[in-house]
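Visitor: here is my input; please provide its structure:
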Amino acid sequence: MKLSYSAIKIPGHSNHLVATVFMLGVLLALSFQCAFGSDKLGHTEILWDTWGIPHIFAEDTEGLFYAFGWAQMQSHGDLILRLYGQSRGRAAEYWGEKYLQSDRWVVTMGIPQRASEWCAAQSPGFRHYLDAFAAGINDYAREHGDQIDDAVEAVLPVNATDIVAHSQRAIHFTFVASQRVARTGQRWLESKGSNAWAIAPSRSVSGNAMLLANPHLPWSGIYLFYEAQLVSPEVDAYGVALVGFPVLGIAFNDYLGWSHTVNTHDGQDAYELALVEGGYRWDDGVRAFGKIEHALKVKQDDGTLRPEKLSVKHSIHGPVIAEKGEKAIALSVAGIDQPGLMKQWWDMARARNLDEFENVLKSIQIPMFTVIYADRDGHIMHLFNGMVPIRPKGNWNWGGVVPGDTPKTLWTGFHPYEDLPRIIDPPGGWLQNANDPPWTTTVPFVIYPDDYPPYMAPRPSMHFRAQRSARMLNDDAHISFEEIIKYKFSTRMEMADRLLDDLLPAARSSGSDLAHRAADVLEAWDRNADADSRGALLFQVFFRELRRSRRNAKLFAVPWSEHSPLSTPDGLPDPAAAVAALEAAASRVEETYGALDVAWGEVCRLRCDSVDLPGNGGPGSLGIFRVVSFSSAGENRFKATSGDSYVAAIEFSNPIRAMALMSYGNSSQPGSPHRTDQLKLFARKELRPIWRTRADIEDHLDSREAFTADQD
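Guide: Here you go, the predicted model:
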């Protein structure tokens, strides 16, 4: 038996019958050899809508995964191959010196070897799906080599192990334990977070549960999302995958949906080792290191390869990541012995009710991330998901460096599902998470930290974005679908509401003309970070000055309180110092931009390729729900580089009502119109309809591709 696929791409046509007849006629003329074999594959189509989103309809799941790999290559081929090359630990071999540090991290963490082990541990059925996804990638590259950058073709062909290695590098060694965190001890940057809401029927105007998905990640590299619909006899799910992943990580179907936020889960520990006698001190003796010698290669400017040795020491805690004098640091990471990460997401997308969904969650193969859930039956749920180590009792600083010379600090087990902070159908009718600890998922609190080990999550604290999130939900007894979208785009600065009441009178009572003029601007300002907001930039610079000047002093007159979680902290402890910070900020803004009331969108831009639009949104640290981080673009202007990535609002009506936005578009390939086509919606603070039925997709069809199995 020989297996081949026929593939063709034709323009969308409003006359569905004519388009179908034409497609079927030409299908007989074109074929290419598939990279894997099966006698059960059926007809598969990719319907590309006008936003560059693939809607994949397959008669079997193997064909679904194949087409998903093909589609991702069409939209992100160069990026996927570069990411897979990095996950092999061979990026410096392919692309030179600047990737050597990445290779060292990947190899030190054991990703390539562990990926092979994980691949072998997959169930036969799911392993075959991974093979199909890889085959779709390889076949697209073979058929459309002119669309792939020559520099990344060295990675081809890819296989299932590459997919597993990429998922491991992205989740376990970027989110759970990033190279930056391991090296510096610094936790997540503001832009790596998310918002998520679940609203129960009791708080919904329509009487249907609703879900808001809103991850915030950098707009490049390993953090990019890919939007798609996947339909086969066993699934009909819509959502996003991290680029290069074969499964959706945030999604919904006709029955339920979920989103993730980066939670305060601590899944890594750094252990300090005392070096003695060629090993390290352990208990009352000395333990020898395991050692593995690796031979890396680094591509030189002339194309030759320079050998680079890497010796990795292994302790009982994990690999050694730093060594100085008589001390070393070893890193222990949760979840590296659980190979079912992608299978769990796949099973979540196939669940049809809360019981089925929870049964999938109980496997805890996804090592971190809060789960916010809603369904057609009216249930909502918050789960502080993660592989939480059962840490020994003792006065240990689990957030810092832990003594590694004693069994007293060694953890070997994890908390089961039943131990994790979780709430279903809270009495208040809403749940939120904005990367705050699980205790503040609803107000008043319904999950209490005293019921859990102290290392489970930090004590209650509610930063300003989380307060803004909860305030919008708490203040509206009956929320409509349209209001969810309106609230999602809120750029109001919660911080301004806490400080201006004290700052403005203090500035007016000072003898400074500059402070008076700055106060006039801030009083007239709408306290938003919209494109036309005049005063937002001045306030942001003022707050930076205030925080810098009070680095070693308290920032607020009233600290945050569990008893007043949505109105504290508040006020200025030293109004005179705040006025001085305002004067410094006003001087800087006026000197740089020629005016104190420069519009936010004049300075903060949405730029990609030839598109250059006024931006909106800003730092979550100022209490802005619409998080956008702007980086320098030269000439005292800034461009959006992270924050609001994917937004989806879903109402579990019948039929489901859903709208979405992929801020940076659904393609990163050079020349694609889908690199920038959604930035205009972003600038206007709009979502677009999600098309899920074949009729709706056909009405908004850009092109189609079809694949069929031929047998001899």
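
Visitor: so how far is the helix ranked longest in the chain from its chain's centroid?
Guide: Ranked by residue count, the top helix of the chain under DSSP state H comes out as helix 61-87. Its chain's average C-alpha position is 18 Å from that of helix 61-87, according to C-alpha atoms, centre = their mean, to the nearest Å.

Visitor: got it, and stretch 285-294?
Guide: 36 Å.

Visitor: can you list contacts of the helix or strand that the longest helix of the chain is followed by?
Guide: Downstream of helix 61-87, the next assigned helix or strand under DSSP states H and E is helix 91-95. Residues outside helix 91-95 that contact it (C-beta atoms under 8 Å, 6 or more residues apart in numbering): 82, 85, 98-100, 102-103, 151-152, 154-155, 296-299, 305, 308. All C-beta spots, glycine's among them, are computed from the backbone N, C-alpha and C.

Visitor: buried ones in the helix or strand just after helix 91-95, by neighbour count?
Guide: Where DSSP H and E defines the elements, the next helix or strand beyond helix 91-95 is helix 100-108. Neighbour-count burial for helix 100-108, counted by 16 or more other C-beta atoms under 10 Å, picks out 100, 102-108.

Visitor: show me which of those residues is closest to Lys393.
Guide: Within those, proximity to Lys393 (C-beta to C-beta) peaks at Thr108, which comes in at 30.8 Å.

Visitor: so who does that closest one touch?
Guide: Taking C-beta under 8 Å, 6+ apart as the test, what Thr108 contacts is 310, 312, 319, 321.

Visitor: just the buried residues out of those, in PyMOL syntax.
Guide: Buried residues among these (16+ other C-beta under 10 Å), as a PyMOL selection:
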select buried, resi 312+319+321
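
Visitor: quick check: Thr44 vs Tyr66, distance?
Guide: 7 Å (C-beta to C-beta, to the nearest Å).

Visitor: what residues are shared contacts of those two?
Guide: The contact lists of Thr44 and Tyr66 share Phe707, where a contact means C-beta under 8 Å, 6+ apart.

Visitor: which of the three states applies to the nearest residue to Ala160 once chain neighbours are set aside?
Guide: Distance criterion C-beta to C-beta, 6 or more residues apart in numbering; nearest residue to Ala160, sequence neighbours excluded, is Leu130 at 3.9 Å. Following DSSP: H, G, I helix; E, B strand; the rest coil, Leu130 is assigned to helix.

Visitor: contact partners for Leu130?
Guide: Taking C-beta under 8 Å, 6+ apart, we find Leu130 in contact with 65, 119, 122, 160, 163-164, 246, 342.

Visitor: quick check, nearest of those to Leu701?
Guide: Phe65 (22.8 Å).

Visitor: the closest one: neighbouring residues, count only.
Guide: 28 (other C-beta atoms under 10 Å).

Visitor: ok, Thr44 and Tyr66, which is more surrounded?
Guide: Neighbour totals were compared for Thr44 and Tyr66, and Tyr66 leads with 31 against 28 (other C-beta under 10 Å).

Visitor: return the distance of the more buried one relative to Ala141.
Guide: With distances taken as C-beta to C-beta, Tyr66 is found 13 Å from Ala141.

Visitor: with Ile53 instead?
Guide: From Ile53 over to Ala141 the distance is 21 Å, taken as C-beta to C-beta.

Visitor: for the stretch 501-650 of the chain, which segments are assigned as strands?
Guide: Ranges of strands within the stretch 501-650 of the chain are 604-608, 611-614, 628-634, 637-644, 646-651, based on DSSP state E, counting those that start in this stretch.

Visitor: pick the most deeply packed of those.
Guide: Across those, averaging neighbours per residue (mean count of other C-beta atoms under 10 Å) puts strand 646-651 on top, at a mean of 24.

Visitor: list the strands paired with that one, with their directions.
Guide: Sheet pairing of strand 646-651 (DSSP bridges) gives strand 210-218 (antiparallel), strand 657-662 (antiparallel).

Visitor: what lies in contact with the shortest one?
Guide: To tie it back to what came earlier, the one meant is strand 657-662. The contact list for strand 657-662 (C-beta under 8 Å, 6+ apart) reads 51, 225, 227, 238, 240, 252, 481, 485, 645-651, 678, 681-682, 686-690, 692.

Visitor: which ones among these are found in helices?
Guide: Those of the contacts of strand 657-662 lying in helices (DSSP H): 481, 485, 681-682.

Visitor: return the closest of those residues with respect to Asp702.
Guide: If you rank the ones in helices among the contacts of strand 657-662 by distance to Asp702 using C-beta to C-beta, Leu681 comes first, at 16.9 Å.

Visitor: that closest one - how many residues pack around it?
Guide: Neighbours of Leu681 (other C-beta under 10 Å): 17.

Visitor: hey, what's the closest residue to it other than its chain neighbours bridged with?
Guide: Here the nearest residue to Leu681 in space, its sequence neighbours aside, is Leu661; by C-beta to C-beta, 6+ apart that works out to 5.7 Å. Following DSSP bridges, Leu661 is listed with bridge partners Val647.

Visitor: with Arg605 instead?
Guide: Bridge pairing for Arg605 - DSSP bridges - gives Pro614, Lys639.

Visitor: that one reaches Arg637, doesn't it?
Guide: Yes: when contacts are counted by C-beta atoms under 8 Å, Arg605 is listed as touching Arg637 (5.8 Å).

Visitor: what's the separation between Ile650 and Ile484?
Guide: According to C-beta to C-beta, Ile650 and Ile484 sit 9 Å apart.

Visitor: again with Asp78
Guide: 36 Å.

Visitor: what does the host helix or strand of Val298 rub up against?
Guide: Applying DSSP H and E as the criterion places Val298 in strand 290-299. Strand 290-299 is contacted from outside by 89-90, 92-97, 100, 103-104, 107, 305-315, using C-beta under 8 Å, 6+ apart.

Visitor: tell me which strands it pairs with, and in which orientation.
Guide: The pairing partners recorded for strand 290-299 under DSSP bridges are strand 305-314 (antiparallel).

Visitor: which strands or helices does the very next helix or strand once past the strand it pairs with pack on?
Guide: Toward the C-terminus, strand 305-314 is succeeded by strand 320-324 as the next helix or strand (DSSP H and E). Under the contact definition 3 or more C-beta pairs under 8 Å, 6 or more residues apart in numbering; DSSP states H and E, strand 320-324 sits against helix 179-184, strand 268-276, strand 305-314, strand 327-333.

Visitor: apply 7 Å and report the result again.
Guide: strand 327-333 (3 or more C-beta pairs under 7 Å, 6 or more residues apart in numbering; DSSP states H and E).

Visitor: what's in contact with the strand it packs on?
Guide: 172, 176-177, 182, 267-275, 280, 315, 317-322, 401, 404 (C-beta atoms under 7 Å, 6 or more residues apart in numbering).

Visitor: reformat the strands of the stretch 501-650 of the chain as JSON lines; add mean pLDDT and distance to Pro505.
Guide: JSON lines is the format used below for those (pLDDT from 0 to 100; distance: least, C-beta to C-beta, whole Å):
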{"stretch": "strand 604-608", "mean pLDDT": "98", "distance to Pro505": "29"}
{"stretch": "strand 611-614", "mean pLDDT": "98", "distance to Pro505": "32"}
{"stretch": "strand 628-634", "mean pLDDT": "96", "distance to Pro505": "31"}
{"stretch": "strand 637-644", "mean pLDDT": "97", "distance to Pro505": "31"}
{"stretch": "strand 646-651", "mean pLDDT": "98", "distance to Pro505": "38"}
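
Visitor: make TSV from these and add distance to Gln74 to it.
Guide: Formatted as TSV, the strands of the stretch 501-650 of the chain follow (distance: least, C-beta to C-beta, whole Å):
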stretch	distance to Gln74
strand 604-608	19
strand 611-614	21
strand 628-634	28
strand 637-644	25
strand 646-651	19
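
Visitor: so which of the ones you listed is nearest Ala374?
Guide: Closest approach to Ala374 among the strands of the stretch 501-650 of the chain (C-beta to C-beta): strand 646-651, 7.5 Å.
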